[in-house]
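>>> need the 3D shape of this:
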Amino acid sequence: MDIMQRGRKQKLGILSGLSVLLWSLTVFCYFFQVPYRRLASYIVLCLAVFLICSSLRKGAYKLKIDWIKIFACYIVYLCLMVILSLIKGYAIGNIIRFLLILTVIPLFAVIKIENFDIEEEIFLFLAVAKSIMLIYLAVQVLRAGSHYELRSWALTNDYGDIYLYRGVPRVQLHGNGILPIAFIINFYVNKERKAIKYIITLIVGLGILAAGNVAFFLGVGLFCGYQLIKLIRSKSLSGIKRMFFLLILIIGAGIFAFYAVDMWKVKAGYSNIVRLEQAKALMDNYLIIGNGLGSEVVVSGIRNTRGEIYFELQTLYIFNQIGAIGLALFYFVVFSAVYKRGKENLIIFLIYLAYTFWNPYCFDSTEMMTLCLVNALPMYRRE
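Now for the predicted structure:
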């Protein structure tokens, strides 16, 4: 009996070690696909094996029968969408891709990963390294006084884009999408180690500023606003302190609203037109059941999207494929699983969905990694 128990413990130890290794590789490949573009092709593979190893650990899945029934209905619905897609003659590769994405994301939502501390710290360490890289590139643009050279480097190598806007550098590279989650996760992981918490907050915050993505500012702003609302509602604080935090919230909301309106005007000439054209095309479907997995969407406008599977409004593309029924089932199985871990976990995940709605950073590996991080936050770390 002792030999069997030792064997089980050794097996669990090996699985834990493999999980840490695979998580580290996944995060490294994600953040540093720039300048090593080939690393992007390994993200899904590492994440898939990580899920398998994590699933084999004891107590990984503790599912309620009601959730299983809804999930089974969801899978049956996806199978019907596959049949519809085959009838319409969509590309087999795209059908399989979105079938896997829409099946696996709920599994990341429901899996229970204990002792995720090492993985969290690795994630934050690499997020800091990524942020330093973005800050360095932003400084180089400022020193040069021009974005021409670095922008050419980024566009030529398919790294993303680097440019100056009103004298402010924007380093918008692949692998930036999860930085707002790093900013948020640090608040909970390093609650006890305040010096480390502030250093990471500063560096990642500067990295987000260097990235210059308005959606990232929205995510960080929503989280900061949520924390301020918690302080304002706290009965342990005096009335004066609560009024002070209320004033900060109002000023912050006003500044962000002014900035958002300004950016909307700036992008009115191209980016917003592209999004509006995409929204119109993506909403042109069978609203209830969708057009089928991997549906082909052609936008007639200033940007040709024939053959594309990632859009600025990626959520609407999923809606185009599986319709209102499929999207409702998807969000039910995901939200109910996250809420089981705690209301605060769900709020963080909703913040993630809010800032990724405007960018193609959802319904992919970014969302899977985010679910791992959000669900791993244990109750005792929250206020």
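>>> where exactly do the strands run in the stretch 51-200 of the chain?
Applying DSSP state E, counting those that start in this stretch to the stretch 51-200 of the chain gives strands spanning 160-165, 168-173.
>>> pick the most buried one from those strands.
strand 168-173 (a mean of 21; mean count of other CB atoms under 10 Å). (Glycine included, C-beta is placed from N, CA and C.)
>>> each with direction, which strands does that strand pair with?
strand 160-165 (antiparallel) (DSSP bridges).
>>> with mean pLDDT and distance to K191 added, can I get the strands of the stretch 51-200 of the chain in CSV?
Putting the strands of the stretch 51-200 of the chain into CSV (pLDDT from 0 to 100; distance: least, CB to CB, whole Å) gives the following:
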stretch, mean pLDDT, distance to K191
strand 160-165, 90, 33
strand 168-173, 92, 30
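>>> looking at the ones you listed, which is closest to L206?
strand 168-173 (11.1 Å; CB to CB).
>>> and the closest residue to F123 other than its chain neighbours, how many neighbours?
Nearest residue to F123 in three dimensions, chain neighbours excluded: V27, at 5.3 Å (CB to CB, 6 or more residues apart in numbering). Using other CB atoms under 10 Å, V27 has 26 other residues around it.
>>> quick check, V27 in a strand?
No. In this structure, V27 is helix, not part of a strand, as judged by DSSP: H, G, I helix; E, B strand; the rest coil.
>>> do a quick rundown of the helices in the stretch 151-300 of the chain.
179-189, 194-211, 214-233, 239-267, 271-282 (DSSP state H, counting those that start in this stretch).
>>> format the strands of the stretch 51-200 of the chain as TSV; extra columns: distance to L99.
Compiled in TSV, the strands of the stretch 51-200 of the chain are given as follows (distance: least, CB to CB, whole Å):
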stretch	distance to L99
strand 160-165	28
strand 168-173	30
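>>> so where's the stretch 201-350 of the chain shaky on pLDDT?
Scanning the stretch 201-350 of the chain for pLDDT under 70 picks out 263-273, 285, 299-307.
>>> what about stretch 347-359, distance to the chain center?
Relative to its parent chain, stretch 347-359 has a centroid offset of 7 Å by CA atoms, centre = their mean, to the nearest Å.
>>> stretch 194-212 too?
18 Å.
>>> kindly report the same for stretch 141-153.
Worked out by CA atoms, centre = their mean, stretch 141-153 lies 28 Å from the chain centre.
>>> just the CA trace of it, in CSV.
Extracted in CSV, the C-alpha atoms of stretch 141-153 (Å, rounded to 0.1, in the frame of the first residue of the first chain):
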residue,chain,number,x,y,z
VAL,A,141,11.6,55.8,-30.9
LEU,A,142,11.7,58.9,-28.7
ARG,A,143,15.5,59.2,-29.0
ALA,A,144,15.3,58.9,-32.8
GLY,A,145,12.5,61.4,-33.0
SER,A,146,11.0,59.2,-35.7
HIS,A,147,9.3,55.9,-36.0
TYR,A,148,10.3,55.2,-39.6
GLU,A,149,13.1,52.7,-38.9
LEU,A,150,11.5,50.7,-36.1
ARG,A,151,8.1,50.7,-37.9
SER,A,152,9.7,49.3,-41.0
TRP,A,153,11.4,46.6,-38.9
